[in-house]
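[1] okay, here's the prediction I keep looking at, along with the sequence it came from:
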Amino acid sequence: MGKFNKTRIVLGVTGSISAYKAVSLLRTLVGEGAEVSVVMTAAAKQFVAPLTFEVLSKRPVYGDLFSEQDPMAHLTLTESADLLLIAPSTANTLSKSALGLADDLLSTVILAARCPIVMAPAMDGDMWNHPSVIEHTGTLRNRGVLVLDPEEGDLASGLVGKGRLPSEEVILEAVEASLARQQDWTGQRVLVSAGPTREPIDAVRFMTNGSSGKMGYAIAQAAAQRGADVVLVSGPTLLAPPANVESISVVTAEEMQQALQDRFSWATVLIMTAAVGDFRPRQVATHKIKKDEWVGEALELERTPDILAELSRQRTHQVLVGFAAETDNHIENGKQKLQKKSLDLIAINHVSGLDSAFGNETNALTVLTQSGDVLHLARMPKLLLAQRLLDIILPLTIMKKAGIQKTPNLRSL
Ligand code: CTP
């Protein structure tokens with residue numbers, strides 16, 4: 001029995017040179033037992049003949065909004081679908097979906113869909129980086145569409161950049177994630193902290209760090225999509241709050257502590273992804289310090305509260321998850337933080353160099369639990385990583401509720 005046995009997938013194929021890769025994707029899905037109906041745009045048919053998809057899916061290929069055989073194809077297809085996968089998705093299809101346009105069968109199917117949607121974009125790097133595509137991608141992600149990031153590499157234009165269709169492995173992982181995790185977090189109340197904190201030095205200057213907040217926002221988004229009630233407490237970031245999440249903006253470590261403290265007794269799970277600044281200037285000037293006024297050689301600092309350690313002392317029923325930001329001795333330092341702050345789980349981030357967790361779209365994590373389990377999560381988009389983490393955290397919440405101490409063996413997950 002295949003991984004996707006009897007799963008009904010609608011595969012939308014659009015007019016990108018990478019449309020030929022959808023042929024292999026279709027073979028894999030069908031090989032894993034999925035029942036796949038293919039919808040092609042007119043442009044997609046310029047790249048691959050519909051007959052190829054028809055033979056491999058053993059079903060008719062859809063493409064015409066006004067087909068005589070099935071004038072209501074957009075509804076019949078989506079009513080029974082478990083998942084809508086658009087691979088490859090051009091900038092045109094992506095942007096049309098964000099705007100709610102429906103001028104051909106595929107865009108109408110996207111608008112009519114009530115099932116999870118996964119989009120795997122493929123386009124030229126400059127198109128992916130265009131403000132319009134960036135904005136439309138953000139709109140779709142906020143609505144809960146899993147828009148994957150294209151991969152870096154050689155592009156059809158001859159240039160090298162970000163724009164290639166994500167690998168089949170990543171697309172299949174996203175399909176599996178979307179199918180398996182529909183509403184399994186219903187009933188959970190999740191408090192997530194994200195982003196950096198900012199400590200003022202004077203009226204215009206401050207101390208901060210390079211955290212972008214992307215990991216925490218991805219976790220908040222994924223938990224809300226999976227049915228949890230989510231409160232996101234965020235330091236200053238450039239990100240829009242995810243849909244269906246209550247978002248609280250803070251600036252300093254003290255404000256973050258207060259906001260989390262206020263919601264802690266409500267929460268069943270606390271996930272501290274925030275890169276909380278550990279120090280703040282002992283004195284803050286209310287005006288802008290003039291350079292000639294600066295006589296001291298050093299800025300006098302004091303420690304900020306350790307929010308997670310303090311909440312851990314007050315915990316009653318909550319599952320506590322920390323994120324360790326490390327540049328070296330990752331596992332050893334992570335273990336120490338897990339014990340010192342009495343956490344159920346810690347996810348260790350690497351935060352220096354080009355592959356730093358800070359700011360990147362993708363990340364890799366090492367996860368440690370109280371029972372000594374170690375799990376390495378390979379580099380992947382942060383939303384997928386968030387999904388994997390939620391898969392691991394959910395059993396901990398169930399066991400905590402049942403009063404079971406032992407955490408599951410993560411290697412078997
Ligand atoms: N944390 C916190 N309050 C702080 C510092 C960190 O709540 N003042 C939380 C972070 O959100 C994270 C975990 O503690 O979940 C570990 O943070 P990290 O910065 O890796 O470690 P620190 O405890 O700050 O220790 P160190 O600076 O020595 O690495």
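    Happy to help now that I have it.

[2] tell me the secondary structure for the closest residue to the ligand within the stretch 51-200 of the chain?
    Nearest to the ligand in the stretch 51-200 of the chain, going by Cβ to the nearest ligand atom, is S193, at a distance of 6.1 Å. Quick note: C-beta positions are derived from backbone N, CA and C, even for glycine. Classification of S193 using DSSP: H, G, I helix; E, B strand; the rest coil returns strand.

[3] give the buried residues for the helix or strand A87 falls within.
    When secondary structure is defined by DSSP states H and E, A87 falls within strand 83-89. Taking 16 or more other Cβ atoms under 10 Å as the neighbour-count basis, strand 83-89 is seen to contain the buried residues 83-89.

[4] so which pair among these is furthest apart in space?
    Farthest pair in the buried residues of strand 83-89 (Cβ to Cβ) is L83 and P88. Separation: 16.4 Å.

[5] which other helices and strands does the worst-scoring helix or strand of the chain on mean pLDDT contact?
    Taking all helices and strands of the chain together, the one with the lowest average confidence (mean pLDDT, DSSP states H and E) is helix 73-79, at a mean of 81. With contacts defined as 3 or more Cβ pairs under 8 Å, 6 or more residues apart in numbering; DSSP states H and E, the secondary structure elements packing on helix 73-79 are helix 105-112.

[6] point out where this protein drops to low pLDDT.
    Per-residue confidence for the chain (pLDDT under 70) gives these ranges: 68, 142, 404-413.

[7] that one against the ligand: which residues are in contact?
    Applying Cβ under 6 Å from any ligand atom, one finds that the chain approaches the ligand through 253, 272, 274, 276, 278, 304, 306-308, 322-325, 337.

[8] got JSON lines for these, with secondary structure and neighbour count too?
    Supplementary listing: the residues of the chain next to the ligand in JSON lines, determined by DSSP: H, G, I helix; E, B strand; the rest coil; neighbours: other Cβ atoms under 10 Å:
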{"residue": "A253", "secondary structure": "helix", "neighbour count": "24"}
{"residue": "M272", "secondary structure": "strand", "neighbour count": "26"}
{"residue": "A274", "secondary structure": "coil", "neighbour count": "26"}
{"residue": "V276", "secondary structure": "coil", "neighbour count": "22"}
{"residue": "D278", "secondary structure": "coil", "neighbour count": "15"}
{"residue": "T304", "secondary structure": "coil", "neighbour count": "18"}
{"residue": "D306", "secondary structure": "coil", "neighbour count": "15"}
{"residue": "I307", "secondary structure": "helix", "neighbour count": "25"}
{"residue": "L308", "secondary structure": "helix", "neighbour count": "24"}
{"residue": "G322", "secondary structure": "strand", "neighbour count": "24"}
{"residue": "F323", "secondary structure": "strand", "neighbour count": "28"}
{"residue": "A324", "secondary structure": "strand", "neighbour count": "23"}
{"residue": "A325", "secondary structure": "strand", "neighbour count": "21"}
{"residue": "K337", "secondary structure": "helix", "neighbour count": "19"}
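
[9] for E297, state which of those residues is nearest.
    D278 (21.5 Å).

[10] give me phi/psi at the closest residue to the closest one other than its chain neighbours?
    Ranked by Cβ to Cβ, 6 or more residues apart in numbering and with sequence neighbours excluded, the top spatial neighbour of D278 is T304, at 6.0 Å. Listed backbone geometry of T304 is phi -90, psi 170, with angles given as degrees, to the nearest 10.

[11] correct me, but T304 touches R282?
    No. Between T304 and R282 there is no contact, the gap being 11.5 Å when judged by Cβ atoms under 8 Å.

[12] what comes up buried for the helix or strand hosting L394?
    Using DSSP H and E, L394 sits within helix 382-402. For helix 382-402, burial by neighbour count (16+ other Cβ under 10 Å) applies to 382-394, 396-397, 399-400.

[13] who are the packing partners of it?
    Based on contacts counted as 3+ Cβ pairs under 8 Å, 6+ apart, the elements that helix 382-402 packs against are helix 168-180, helix 214-225, strand 269-272, strand 319-326, strand 345-350, strand 362-369, strand 374-381.

[14] can these go into TSV with extra columns for distance to P71?
    Shown next, in TSV, are the helices and strands packed on helix 382-402 (distance: least, Cβ to Cβ, whole Å):
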stretch	distance to P71
helix 168-180	29
helix 214-225	33
strand 269-272	48
strand 319-326	51
strand 345-350	50
strand 362-369	43
strand 374-381	38
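
[15] how many residues are close by A218?
    Other residues lying near A218 total 26 when counted by other Cβ atoms under 10 Å.

[16] ok, now R143?
    15.

[17] distance of A42 relative to the ligand?
    Here the distance between A42 and the ligand works out to 50 Å (Cβ to the nearest ligand atom, to the nearest Å).

[18] no, scratch that, I was asking about L389
    Here the criterion is Cβ to the nearest ligand atom. By it, L389 lies 13 Å from the ligand.

[19] enumerate every residue touching that residue.
    Applying Cβ atoms under 8 Å, 6 or more residues apart in numbering, one finds that L389 lies in contact with 219, 321, 347, 365, 367, 377.

[20] surely the first one touches A386?
    Yes. Taking Cβ under 8 Å as the contact criterion, I219 and A386 are neighbours in contact, 4.4 Å apart.

[21] and K291, how many neighbours?
    The number of residues packed near K291 is 6, by other Cβ under 10 Å.

[22] what about it, distance to S107?
    As judged by Cβ to Cβ, to the nearest Å, K291 and S107 stand 58 Å apart.

[23] one step back: next, the angle strand 374-381 makes with the helix holding L394.
    Taking axes from the mean of the first three to the mean of the last three Cα atoms, to 10 degrees, one finds that helix 382-402 is oriented at 140 degrees with respect to strand 374-381.

[24] restricting to C-alpha, output helix 382-402 in CSV.
    Backbone C-alpha positions of helix 382-402 (Å, rounded to 0.1, in the frame of the first residue of the first chain) are rendered in CSV as follows:
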residue,chain,number,x,y,z
LYS,A,382,10.9,27.2,7.8
LEU,A,383,7.2,26.4,7.3
LEU,A,384,8.0,22.7,6.7
LEU,A,385,10.4,22.7,9.7
ALA,A,386,7.6,24.3,11.8
GLN,A,387,5.3,21.5,10.7
ARG,A,388,7.9,18.8,11.7
LEU,A,389,8.4,20.5,15.1
LEU,A,390,4.7,20.5,15.7
ASP,A,391,4.5,16.8,14.9
ILE,A,392,7.1,16.2,17.6
ILE,A,393,5.7,18.6,20.2
LEU,A,394,2.1,17.3,19.9
PRO,A,395,2.7,13.9,21.6
LEU,A,396,4.5,15.7,24.4
THR,A,397,1.3,17.7,25.2
ILE,A,398,-0.8,14.6,25.1
MET,A,399,1.5,12.8,27.5
LYS,A,400,1.8,15.8,29.8
LYS,A,401,-2.0,15.9,30.0
ALA,A,402,-2.1,12.1,30.7
